[in-house]
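Engineer: Here's a sequence, model it:
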Amino acid sequence: MSGKIFSGTGLALLLALFLLGCEANVIHRPDFRLCTGTPTEIEQQCGTNTLQVVANPAKSAGVDYLLGFVEFDDQGQFHDRRQVNFLIDRLVEESTTHNLVMVVFVHGWKHNAKIGDENIENFRKILTQLSDLEEGFLTSGLKKSRPRKVVGIYVGWRGKSLDAGPLTNLSFWDRKNTAHKVGHGGVTELLGRLEGIRQVDQRLDPPGIEGQTKLVIVGHSFGGAVVYSALGQVLTERFIDIEGKAKSPREFGDLVVLINPAFEAMRYANLQAMAAERPTYFTGQRPILAILTSEADKATKVAFPLGRVFSTFFEKEKNAAQEKENRTAVGHYSPFHTHYLKWSKEETARPLMADPDASVQMLNRLGEAWDQGVEELPFPGSVLSHTGGQNLLNPYLVIYVDERIIPDHNHIYDARLRDFLRYFILLSTEGAPE
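Structural biologist: Below is the predicted model of the structure:
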């Protein structure tokens, strides 16, 4: 009897811990006014504002970057549509006078849009670096026009649903389901409206604007699942040549990057098969999608397939290969690997940042090497090596990453990875400089 009481009491305590540790499904940035703050005080000055301008007098335009937040609930709906409408209206206005560099970041597991989240802090650093690039070598070397305005869009959802110490890890599989639900919801609308701003800029080319507005989308962990759920079908449809003419596959925006994405290889299998079967790609075809996964990511390498064993228990696959696709995270499924990103002692990014001409020369070399089908591309601090078996110009990359560059699931801000992504994005979005 006492054992039953103890068991019941223990269960009640466990339930209480879950309830106490449950993160509320609320909006974190509910103030729909534009707020301007300094780089060092922006979160304190504008913490609840959905749209923030980081003012930096050192910049030629007096602005470091613009950051907008768009948040979604557990059902994949906008927490408040005023967030997205406020953002889009502002970007449409900005695009009439400035070229834009729009970078979307979708966070993953154990994160949200709350003040002080580590992902937000690191995203700000990246936006600052991009702004520095625009102010520095893009202006004086690659382009003669004024710097483009850097815009960050932070997509928030309840990736952190539980804050209960080690028990938080039990939310892994529930958050996977939520991530796909969020991706199939309003995220597609958000990304589509952002691409619309880019397309109008490319098409209309109003006076003083050069049609150089760019859109890059980055998703990490379950944020990668959000992004691919939103864009997987779109990318597949755009690959298909519906007009029956020989042409390059159409991208979404300028580049989609998924880092340690937590979704099964099966979801990517159809697009991968089409890309691998295509015999040739035109010279000048640049990357459209890049999936980067650390070889040391235990969350997707160990925990993910374990969870899939239970969640796919009643599913039937036609063979062992399909079963493995259905239970293995996309980045760890070796038949899909196109490249390996290995650590290199040649860390030259910081000198390049201070030398616009050297940066342009490096970007030129990377573009020429990519177009010529060179099997190893040297980046600052890393080397991108083709693993064989697929066309070197295949724009859909699945990159296995040296653990010295991405040490685990969450540490994605190593200097070498940032340097690789910086130049890889430029390679993908700028084409070969003249």
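Engineer: all contacts plus neighbour counts: C-alpha atoms, from now on.
Structural biologist: OK.
Engineer: quick one: the strands in this structure?
Structural biologist: For the chain, applying DSSP state E gives strands covering 31-37, 49-55, 63-71, 100-106, 149-156, 214-220, 255-259, 289-294, 339-343, 376-379, 382-386, 396-401.
Engineer: all helices of this protein, in order?
Structural biologist: In the chain, the helices defined using DSSP state H lie at 2-21, 42-46, 81-95, 118-133, 172-183, 186-204, 222-239, 269-277, 298, 304-311, 320-327, 349-353, 356-371, 415-430.
Engineer: Next, format the strands of the chain as JSON lines and append distance to Ala179, mean neighbour count and mean pLDDT.
Structural biologist: Listed next are the strands of the chain as JSON lines, based on distance: least, CA to CA, whole Å; neighbours: other CA atoms under 10 Å; pLDDT from 0 to 100:
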{"stretch": "strand 31-37", "distance to Ala179": "25", "mean neighbour count": "16", "mean pLDDT": "95"}
{"stretch": "strand 49-55", "distance to Ala179": "22", "mean neighbour count": "22", "mean pLDDT": "95"}
{"stretch": "strand 63-71", "distance to Ala179": "13", "mean neighbour count": "24", "mean pLDDT": "95"}
{"stretch": "strand 100-106", "distance to Ala179": "10", "mean neighbour count": "24", "mean pLDDT": "95"}
{"stretch": "strand 149-156", "distance to Ala179": "11", "mean neighbour count": "24", "mean pLDDT": "96"}
{"stretch": "strand 214-220", "distance to Ala179": "11", "mean neighbour count": "23", "mean pLDDT": "96"}
{"stretch": "strand 255-259", "distance to Ala179": "14", "mean neighbour count": "25", "mean pLDDT": "98"}
{"stretch": "strand 289-294", "distance to Ala179": "17", "mean neighbour count": "25", "mean pLDDT": "98"}
{"stretch": "strand 339-343", "distance to Ala179": "27", "mean neighbour count": "22", "mean pLDDT": "97"}
{"stretch": "strand 376-379", "distance to Ala179": "32", "mean neighbour count": "19", "mean pLDDT": "93"}
{"stretch": "strand 382-386", "distance to Ala179": "30", "mean neighbour count": "20", "mean pLDDT": "96"}
{"stretch": "strand 396-401", "distance to Ala179": "21", "mean neighbour count": "24", "mean pLDDT": "98"}
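Engineer: need those strands in JSON lines with distance to Glu94, can you?
Structural biologist: Below are the strands of the chain laid out as JSON lines (distance: least, CA to CA, whole Å):
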{"stretch": "strand 31-37", "distance to Glu94": "13"}
{"stretch": "strand 49-55", "distance to Glu94": "12"}
{"stretch": "strand 63-71", "distance to Glu94": "10"}
{"stretch": "strand 100-106", "distance to Glu94": "8"}
{"stretch": "strand 149-156", "distance to Glu94": "9"}
{"stretch": "strand 214-220", "distance to Glu94": "13"}
{"stretch": "strand 255-259", "distance to Glu94": "21"}
{"stretch": "strand 289-294", "distance to Glu94": "27"}
{"stretch": "strand 339-343", "distance to Glu94": "37"}
{"stretch": "strand 376-379", "distance to Glu94": "33"}
{"stretch": "strand 382-386", "distance to Glu94": "36"}
{"stretch": "strand 396-401", "distance to Glu94": "31"}
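Engineer: before we move on, the earlier item: which among the helices of the chain is found nearest to Arg33?
Structural biologist: helix 81-95 (8.7 Å; CA to CA).
Engineer: Contact partners for the spatially most central residue of the chain?
Structural biologist: Most central in the chain under CA atoms, centre = their mean is Val218, positioned 1.0 Å from the mean C-alpha point. The contact partners of Val218, by CA atoms under 8 Å, 6 or more residues apart in numbering, come to Val103, Val104, Phe105, Val106, Gly224, Val227, Val256, Val257, Leu258, Ile259.
Engineer: mind running it again at 6 Å?
Structural biologist: Residues in contact with Val218 (CA atoms under 6 Å, 6 or more residues apart in numbering) are Val104, Phe105, Val256, Val257, Leu258.
Engineer: Please report how far it lies from Ile412.
Structural biologist: Plainly put, Val218 is 12 Å away from Ile412 if you go by CA to CA, to the nearest Å.
Engineer: Equivalent analysis for Leu67, please.
Structural biologist: Distance of Leu67 to Ile412, given as CA to CA: 20 Å.
Engineer: Just the terminal-to-terminal distance for stretch 159-172.
Structural biologist: Stretch 159-172: ends 9 Å apart by CA to CA.
Engineer: For Val63, which of the helices of the chain is the nearest?
Structural biologist: Closest among these, once you apply CA to CA, is helix 118-133, at 9.0 Å.
Engineer: Give me the contact list for that closest one.
Structural biologist: By CA under 6 Å, 6+ apart, helix 118-133 touches Val150.
Engineer: Name the residues of that helix that come out as buried.
Structural biologist: Asn119, Ile120, Phe123, Arg124, Ile126, Leu127, Thr128, Gln129, Leu130, Ser131, Asp132, Leu133 (16 or more other CA atoms under 10 Å).
Engineer: Where is pLDDT lowest across those?
Structural biologist: When these are sorted by pLDDT, the bottom entry is Leu133 at 77.
Engineer: which among the contacts of Val218 gets closest to Gly196?
Structural biologist: Checking the contacts of Val218 against Gly196 with CA to CA, the nearest one is Val104 at 14.3 Å.
Engineer: Okay then, goodbye and thanks.
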